[in-house]
Structure formats: C-alpha cells, structure tokens
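Student: for reference, the sequence and a predicted model appear below.
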Amino acid sequence: MIYADNAATTKLSSHALKEMMPFLTDIYGNPSSLYSFGQEAKEHLEDARARIAKILNAEPNEIYFTSGGSESDNQAILSAAVWGSRKGKNHIITTAFEHHAVLHTLKKLEKQGYTVTYLDVHSNGIVTPEQVAEAITENTALVTIMTANNEIGTIQPIAEIGQVCRDKGVWFHTDAVQAVGHIPVDVKAQHIDMLSLSAHKFHGPRGVGVLYARKGVVLSNLIEGGAQERGKRAGTENLAGIVGMTVALEDAVCNMSSNSESIVKLRNRLIDGLSRIEHSALNGDAVQRLPGNVSFCFEGIEGESLLLLLDDKGICASSGSACTSGSLDPSHVLLAIGRVHDVAHGSLRLTITEENTEDEVDYIIKSVEEVVSYLRRISPVWRDLQNGKRSFIL
Ligand SMILES: *Cc1c(COP(=O)(O)O)cnc(C)c1O
C-alpha cells in the first residue's frame with residue numbers, strides 16, 4: 001500500500017509511541033490528585049506544556065490541551081464571539097475556503113445573529129492582508145484565517161494579516177493544523193492571538209491538540225467540569241496523547257528543514273509527472289504551498305471513480321470533494337479558487353511525507369495516467385469535449 005493522504009491523518013511515529021507507552025501503563029496517576037503519584041503525572045503534563053510553548057514561541061500558560069483541531073477551532077471562534085458580544089461587536093471575518101470546523105461554527109453563529117464576511121480567495125489559493133484590512137469594521141470581533149489550506153496546500157501571508165489585525169485591535173485566530181510541524185510557525189512574530197493545532201497531522205496520536213491563546217485573550221468553555229487547563233477545558237487530561245504530541249512535534253520541528261527539502265523534491269516530481277497529463281491543472285500556487293501537497297484537477301472525469309480505481313492499485317488518496325447526503329457536492333475549496341463545478345469534480349489530492357519514496361511517486365504518476373485515460377475513454381463528458389459539443393476549460 002502507498003499512503004499518500006497525509007493531510008487526512010499521518011502514521012504515529014515509533015518514537016512518539018515509545019514515549020507514550022509509560023503513560024498508558026505505569027504512570028496512570030491523575031494530575032489533579034494531591035498524592036505524589038498524581039503529582040508525578042502533573043509534572044509530565046507541565047513539562048509537555050512548556051516544550052510545546054517553546055516551539056510556538058509562546059508562554060506555557062498560553063497553551064490549552066484539547067481533543068484536536070476541531071475542538072480548538074470551535075473554542076477559539078466561540079470565545080471571540082462571546083467576548084465580542086460583550087463589547088457590542090458581532091462581526092467576524094474569514095475566508096471561503098476554511099476547514100468545516102471553522103465554517104460550520106461560523107454558520108451556527110450566523111443563526112444567532114452574528115455577521116460573517118467570507119473573503120474571496122484568489123485563483124492561486126491565497127488571500128491578501130489588503131483584503132483583510134478592507135473588511136475590518138468597528139464591529140469586527142475576530143479574523144479567522146487558516147495558515148495553510150488542507151485541500152490545496154496554499155500558505156497564507158499570516159504575519160502580514162496578523163499585523164493588520166494587531167494594528168486595528170482585532171483578535172486574530174489561525175487554524176494552523178496543516179502547518180504546524182511542516183512549516184515554521186511563531187505566534188509572536190506572526191502576531192497571532194489564537195492558534196489551533198492537531199497532533200495527528202504531524203505523526204502524533206489522533207484525538208489530541210492544542211489551542212494557543214495569547215495572555216489577555218479571554219476563553220469561554222466548551223466543556224464545563226473540573227478545573228483542568230486553568231478552568232478553561234474540563235476533563236481528565238489525555239496525558240499519553242499529550243506526551244506523544246510533544247515528542248512528535250519536537251521531532252517534526254527538529255527535522256523540518258531536511259525533511260521539507262526531500263519532500264519538496266518528491267512533490268515537484270509528482271507535479272511534473274501529473275502535469276504531463278493533458279487537460280489537467282495544479283490547484284493553488286506552485287510556490288506558496290505546503291511541502292507535501294499536490295492537488296490537481298483533470299477535466300472530463302469524476303474524482304470519486306479516480307479514487308476507487310487508485311485504491312485498486314494500492315494507492316490511498318483523496319479527492320477534495322465531499323459526498324454530502326448522497327449528492328456529490330464539489331469541494332468548497334476548489335469552488336472558492338474559481339474552479340467550475342465540472343472541473344472541480346475531477347479533483348485529486350495527494351499528500352506525501354518524508355516516508356514516501358521516488359519509486360512510489362513514479363508508480364503514482366503511472367497509475368494516475370492509466371486511470372485518468374481509462375475513465376476518459378468511458379466518460380460521456382469527455383466524448384463531448386472531444387467532438388466539440390463542449391469546450392475545454394483546462
Ligand atoms: C484535520 C484538520 C482539522 C481537524 O483536526 P482534528 O484534530 O481532526 O479535529 C481542522 N483544520 C484543518 C485545516 C485540518 O486539516
């Protein structure tokens with residue numbers, strides 16, 4: 001099997017697993033217990049917090065452990081909404097191509113009377129600080145813009161957007177789930193007030209993440225209960241997960257430059273190979289993108305059939321389009337960058353890591369070529385394109 005869907009989740013690193021084991025077996029004390037067995041667990045918890053803070057250039061008391069990226073996104077946005085309504089501000093700015101953890105939370109707030117501006121994304125998959133500056137009003141409580149997109153891998157000018165928000169006194173949250181561990185992230189240098197990250201996107205365990213909230217940002221609780229996480233997130237801590245996340249993040253950051261160099265080489269080989277397929281196009285900027293992300297549209301095919309046939313060839317990939325209640329909706333991300341429905345349906349996302357090889361990349365290219373030409377042979381849309389009843393877009 002060739003695993004090329006690392007934006008969906010990654011394999012747990014053996015180092016992280018090894019460091020987690022004692023916390024799944026012997027060190028099971030509750031960090032809230034007063035006896036020394038519990039306090040030993042508490043020390044490991046605080047050690048993990050300090051190590052993660054250091055990597056983000058934050059303070060330990062600005063780190064809140066959560067169950068992952070979705071929870072962190074929800075808490076960040078709902079906290080800003082509560083704070084905003086206390087100040088009489090009910091406007092939030094985001095982009096049209098955020099993760100659903102952000103978009104669905106905002107939809108909920110719209111039903112409660114908040115106003116949301118969805119910034120257009122340029123065809124290269126990037127929003128500009130100027131767009132953000134123009135959209136901010138006296139009513140704006142929050143700007144939430146992802147650091148890197150999970151489907152097309154484009155990287156946003158976060159430091160510049162952060163600067164705009166800081167200058168205007170508006171809180172800035174970024175969903176950095178795809179970015180942390182893959183590209184440099186620094187909450188101070190990038191003027192970030194809140195940031196979401198998730199362990200399973202950088203070879204840590206699933207079900208654990210972080211919400212960074214700058215000192216002075218007032219968080220509201222999603223989960224009420226005990227006084228864990230300084231009263232902002234109740235529930236007995238997932239210490240094994242937290243330790244695994246810390247180890248995986250340290251490894252990812254420590255190896256970032258060498259890993260990304262080799263991943264970029266593989267990625268460009270993959271992009272070059274797939275570009276040779278006629279009537280195809282890379283989605284998103286070729287340079288401002290995550291090292292491991294390859295996203296393509298192929299005209300005249302259905303992404304779902306492509307995925308199933310690639311699965312038969314032992315390749316795990318993703319389309320980017322979501323199958324919602326039986327009807328096939330094209331991806332909101334591809335529509336946001338201006339792909340028309342027909343083209344957006346023929347999408348393929350391949351996300352690779354340092355564990356993939358050149359041989360695997362070559363096998364993927366060959367397989368995609370075969371599958372695309374097979375699907376085109378049996379596609380009525382392709383026949384119409386061929387005999388001129390429809391015109392090619394790509
Ligand atoms: C995966 C992902 C999430 C959700 O994280 P979970 O830990 O799976 O809840 C949120 N945002 C982005 C951009 C993601 O890629």
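Tutor: Sure thing, it's come through.
Student: pull the residues that contact the helix or strand containing W382.
Tutor: In the assignment (DSSP states H and E), W382 maps to helix 380-386. Residues from elsewhere that reach helix 380-386 (Cβ atoms under 8 Å, 6 or more residues apart in numbering): H279, E299, G300, I301, D342, L375, R376, R390, S391, F392. Quick note: C-beta positions are derived from backbone N, CA and C, even for glycine.
Student: most neighbours, which of the residues you listed?
Tutor: Using other Cβ atoms under 10 Å as the neighbour test, these are led by I301, with 26 neighbours.
Student: who are the contact partners of that one?
Tutor: H345, G346, V372, L375, R376, S379, W382.
Student: just put those residues in a markdown table and tack on secondary structure, distance to the ligand and pLDDT.
Tutor: Shown next, in a markdown table, are the contacts of I301 (DSSP: H, G, I helix; E, B strand; the rest coil; distance: Cβ to the nearest ligand atom, whole Å; pLDDT from 0 to 100):
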| residue | secondary structure | distance to the ligand | pLDDT |
| --- | --- | --- | --- |
| H345 | helix | 22 | 92 |
| G346 | coil | 22 | 94 |
| V372 | helix | 26 | 98 |
| L375 | helix | 28 | 97 |
| R376 | helix | 31 | 97 |
| S379 | coil | 31 | 94 |
| W382 | helix | 32 | 95 |
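Student: neighbour-wise, which of those residues leads?
Tutor: G346 (31 neighbours).
Student: quick check: phi and psi on that one?
Tutor: The phi and psi torsions at G346 (degrees, to the nearest 10) take the values phi -90, psi 50.
Student: do R289 as well
Tutor: phi -140, psi 160.
Student: now swap in the one 5 residues further on and tell me
Tutor: Summarising the backbone geometry of V294 under the convention degrees, to the nearest 10, its torsions are phi -130, psi 120.
Student: report pLDDT for it.
Tutor: At V294, the model reports a pLDDT of 98.
Student: please name the spatially closest residue to it (chain neighbours excluded).
Tutor: Once flanking residues are discounted, V294 sits nearest to L350: 4.4 Å by Cβ to Cβ, 6 or more residues apart in numbering.
Student: can you name the helix or strand that the one you found falls in?
Tutor: L350 belongs to strand 347-351 when assigned by DSSP H and E.
Student: what mean pLDDT does that strand have?
Tutor: 97.
Student: only alpha carbons, please: show it as CSV.
Tutor: Provided in CSV are the C-alpha atoms of strand 347-351 (Å, rounded to 0.1, in the frame of the first residue of the first chain):
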residue,chain,number,x,y,z
SER,A,347,-10.0,16.6,-8.4
LEU,A,348,-7.2,14.6,-6.8
ARG,A,349,-5.2,15.4,-3.6
LEU,A,350,-2.0,13.5,-2.9
THR,A,351,-0.2,14.5,0.3
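Student: does it pack against any helices or strands, and if so which?
Tutor: On a contact count with 3 or more Cβ pairs under 8 Å, 6 or more residues apart in numbering; DSSP states H and E, strand 347-351 meets strand 293-298, helix 303-312.
Student: I'm done for today, thanks for sticking with me.
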